[in-house]
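Chemist: Need a 3D model of the sequence below.
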Amino acid sequence: QMRIAICVLLLMGFTAAIVDGRAAKEPQTPGVKKSLFGKTHDGREAHLYTLSNKSGMQVVISDFGGTVVSIKVPDRNGKIGDVVLGYDTLEGYENGTAYFGSTVGRYANQATFDQLRTLGKAASSTEDKLRFYFALAGAQDGTFIEQNVKIALTDEISNGRVNRFLIQLALQASDPDLVWKDVLAERAPILAKLSAGRGGQMLAAIAQASFDPVIGRELLALPEVQASQGARYEAAKAVARIQEQIDFRKQVLPALAQWLGTH
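Modeler: Got it, this is the predicted structure:
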């Protein structure tokens, strides 16, 4: 199942590469090349490590947070395209909040998770704090998903950023349905931290990460969603998104499963 999920993401990426239309580059000599990416706001150097193979595939990883900056692959016509989203500069990764290419929190063990949380607590600015907590939101293990939802109940993250944190958690989780279940169980204290109208929007954004139509029905039935026209609209969009993802999976996964069985 994990291999199939990865292939779905790769297929989407390859499709994006074909449409992208960026200028092709000659295949690189196989090997690893190190280059300077820039300096952080506190003066530390960050580097890029470019891994290339003879077929023209190229992966660029930065030692700034173990970030995957670029993955370039040739399409069926040999045209090279970048299949990951990211920033063009180190400054973008420092100041951005999308956390493109993040890998550290995703594969954290308990010790790493606890260390990132400690660093987040000690961070002096809201954006620096969010960098650490959004790294935590990438954790794949179900135990860490539960811990992240518990963090949303504390005062470690400002009330205005709790919804962003939980939405990020759902989007990155290997089991978005578990995020929905845990948030639903704690929704009263979580929603109490949000301004009026934000609760329904947040719940819809979390639900739409799912592939389960049952979650769509649960979303529509929530009193927080029924309370306003705006929330009902966002919930309807989420339900439609869930169905789109289900349809996409039905169309693509059988072909991918067949391909995996022969390769």
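Chemist: In three-state terms, label Lys72 for me.
Modeler: strand (DSSP: H, G, I helix; E, B strand; the rest coil).
Chemist: Quick check, it in contact with Val84.
Modeler: No. In this structure Lys72 lies outside contact range of Val84 using C-beta atoms under 8 Å: 9.0 Å. Where you see a C-beta, it was placed from the backbone N, CA and C, and this is true even at glycine.
Chemist: what do the two both touch?
Modeler: Counting by C-beta atoms under 8 Å, 6 or more residues apart in numbering, Lys72 and Val84 have no common neighbour.
Chemist: Compare neighbour counts for these two and give me the winner.
Modeler: Neighbour count, other C-beta atoms under 10 Å: between Lys72 and Val84, Lys72 has more, with 22 against 17.
Chemist: For Phe64, see how far away the closest residue to that one other than its chain neighbours is.
Modeler: Using C-beta to C-beta, 6 or more residues apart in numbering and skipping the chain neighbours, the partner closest in space to Lys72 is Gln58 (4.3 Å). Distance from Gln58 to Phe64, counting by C-beta to C-beta, to the nearest Å: 18 Å.
Chemist: same check, this time on Asp175
Modeler: Asp175 sits 28 Å away from Phe64, going by C-beta to C-beta.
Chemist: Of the two, which one has the most company?
Modeler: More neighbours surround Phe64 than the other of Asp175 and Phe64, with 19 against 15 (other C-beta under 10 Å).
Chemist: Any chance you could list what contacts the helix or strand harbouring Ala111?
Modeler: Element membership of Ala111 [criterion: DSSP states H and E] is helix 110-122. Residues outside helix 110-122 that contact it (C-beta under 8 Å, 6+ apart): 104-105, 108, 129, 131-133, 135-136, 139, 143-144, 147, 151, 156.
Chemist: what's the helix or strand harbouring Ala257 packed up against?
Modeler: Element membership of Ala257, judged by DSSP H and E, is helix 229-261. If you count contacts as 3 or more C-beta pairs under 8 Å, 6 or more residues apart in numbering; DSSP states H and E, helix 229-261 packs onto helix 2-20, helix 198-207, helix 213-221, helix 223-226.
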